[in-house]
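# curious how this folds, go ahead:
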Amino acid sequence: FQHLAAMAQDAKLRKRGTEGAKTEAECQEDQGGLKIGRFRINLGRLPELLLLFVIAGMVAQIAMVSLDMSRQMAVISGLGVAVQLQRMGNWLRDWVAYKN
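Predicted structure coming up:
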């Protein structure tokens, strides 16, 4: 929860435009990453990505079993649900940062 609180505080500072917010370079240095050539892969977001794929798979499986959907439609539906959950989580994180 401390990581989420720090992210919310950073978002709050960026929205208000106050000084003391970390620059983009400092944020990239703080987060773990893997550099391959000129590309930098941010490993800090990997758990969130894996969680979204797990949620998409669960929704697809439930849709195939309960709603008798084809696999193609169930996968598309699962990915749609996962994207909407991610958007809601981002909105909620920004809303909490704004209220604090």
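
# Met73 versus Leu85, what's the distance?
Note on Leu85: its distance to Met73, by CB to CB, to the nearest Å, is 19 Å. To be clear about C-beta, it is placed using only N, CA and C from the backbone, and glycine gets the same treatment.

# next one: Val65
Noted for Val65: a distance of 13 Å to Met73, by CB to CB.

# what about those two, which has more around it?
When neighbours are counted by other CB atoms under 10 Å, Val65 and Met73 differ, and Met73 comes out ahead with 13 against 10.

# spit out the contact partners of the more buried one.
The contact partners of Met73, by CB atoms under 8 Å, 6 or more residues apart in numbering, come to Ala63.

# which helix or strand contains it?
Element membership for Met73, per DSSP states H and E: helix 71-99.

# helix, strand or coil for the residue of the chain positioned farthest from its centre?
Counting by CA atoms, centre = their mean, the extreme residue of the chain relative to its mean C-alpha position is Asp68, 29.8 Å from that point. Per DSSP: H, G, I helix; E, B strand; the rest coil, the secondary structure class of Asp68 is coil.

# per-residue pLDDT of it, please?
On pLDDT, Asp68 comes in at 93.

# picking that back up, any buried residues in the helix holding Met73, and which?
Buried residues in helix 71-99, counting neighbours by 16 or more other CB atoms under 10 Å, are found at 74-75, 77-79, 81-82, 94, 97.
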